[in-house]
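Engineer: sharing a sequence plus its predicted fold:
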Amino acid sequence: MIHEILPVGPLRCNCSVIGDETTREAMVIDPGDDIEDVLAVIRKHNLQVKQIVITHAHIDHVGGAMKLRAATGAPILLNQNDYELLKMLDVQAAWIGVADPGKVEIDGSVSTGENVTAGSHTAQVLHTPGHTEGSICLYFAADKKLIAGDTLFAGSIGRTDLPGGSMQKIMRSLHDTVMALPDETVVVPGHGRLTTIGDERESNPFLVKQ
Ligand SMILES: [Zn+2]
């Protein structure tokens with residue numbers, strides 16, 4: 001598996017480029033900004049982007065999606081429960097003081113039970129509401145890897161005080177879905193350093209059993 005992680009934009013969102021080393025097919029997850037850098041990685045590995053997957057409709061994760069779609073022709077996928085939040089990109093831009101990226105068009109919704117693929121590499125979509133209503137994680141079972149969006153971080157969990165956020169829902173998503181994964185699963189959070197499910201089970205203050 002080709003997997004490059006680029007922290008993009010002022011909030012350093014972890015954008016993942018995942019490719020198949022044989023077919024050169026790829027997916028890009030959370031192209032929030034700095035699309036020239038993302039395209040440079042795609043060119044470096046000679047990849048063809050087939051899918052653009054957005055873990056949730058916050059501007060730092062979705063802001064560059066239209067630019068990437070224009071450059072690659074790949075469809076943009078987002079869980080439909082975040083379509084309302086996507087209409088507020090101008091408001092979100094004002095919150096963090098960045099330019100409004102304009103309207104982002106979604107080509108299809110993805111949810112639990114569906115897969116996204118980069119050649120031979122398949123990820124199960126896990127709908128994990130809480131940080132936002134439409135937050136998803138992507139679980140590459142064969143590679144024991146989870147792209148967690150802003151649901152789980154090393155030592156923390158996603159904030160739930162923004163529109164669409166729910167502490168009750170994120171805790172349910174974490175306990176029922178995310179922490180049900182094997183301890184050795186490598187977690188790529190939406191921001192910050194990588195971790196594992198086992199490390200978070202042991203030391204994340206939001207998750208350890210009292
Ligand atoms: Zn977010």
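Structural biologist: All right, it came through fine.
Engineer: what comes into contact with the least confident helix or strand in the chain by mean pLDDT?
Structural biologist: Every helix and strand in the chain was compared by mean pLDDT, DSSP states H and E; the lowest is helix 89-96, with a mean of 93. With C-beta atoms under 8 Å, 6 or more residues apart in numbering as the test, helix 89-96 has contacts from 10-11, 57-60, 62-63, 99-104. Where you see a C-beta, it was placed from the backbone N, CA and C, and this is true even at glycine.
Engineer: that one near the ion anywhere?
Structural biologist: No. Using C-beta under 5 Å from the ion, helix 89-96 stays clear of the ion, coming no nearer than 9.4 Å.
Engineer: check stretch 121-133 too.
Structural biologist: No. Using C-beta under 5 Å from the ion, stretch 121-133 stays clear of the ion, with a minimum separation of 5.7 Å.
Engineer: re the thing from before, and which of the contacts of helix 89-96 is nearest to T160?
Structural biologist: Using C-beta to C-beta, H58 is the member of the contacts of helix 89-96 that lies nearest T160, at 12.7 Å.
Engineer: could you count how many residues lie near the closest one?
Structural biologist: Residues lying near H58 (other C-beta atoms under 10 Å) number 30.
Engineer: just send the contacts of helix 89-96 back as TSV, with distance to I29 too.
Structural biologist: Listed next are the contacts of helix 89-96 as TSV, based on distance: C-beta to C-beta, whole Å:
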residue	distance to I29
P10	19
L11	16
A57	14
H58	13
I59	16
D60	13
V62	11
G63	14
A99	22
D100	23
P101	17
G102	21
K103	21
V104	15
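Engineer: name the member of those residues with the most neighbours.
Structural biologist: That'd be H58 among the contacts of helix 89-96, by other C-beta under 10 Å, with 30 neighbours.
Engineer: for that one, give me its contacts.
Structural biologist: Taking C-beta under 8 Å, 6+ apart as the test, what H58 contacts is L85, Q92, T132, D150, L162.
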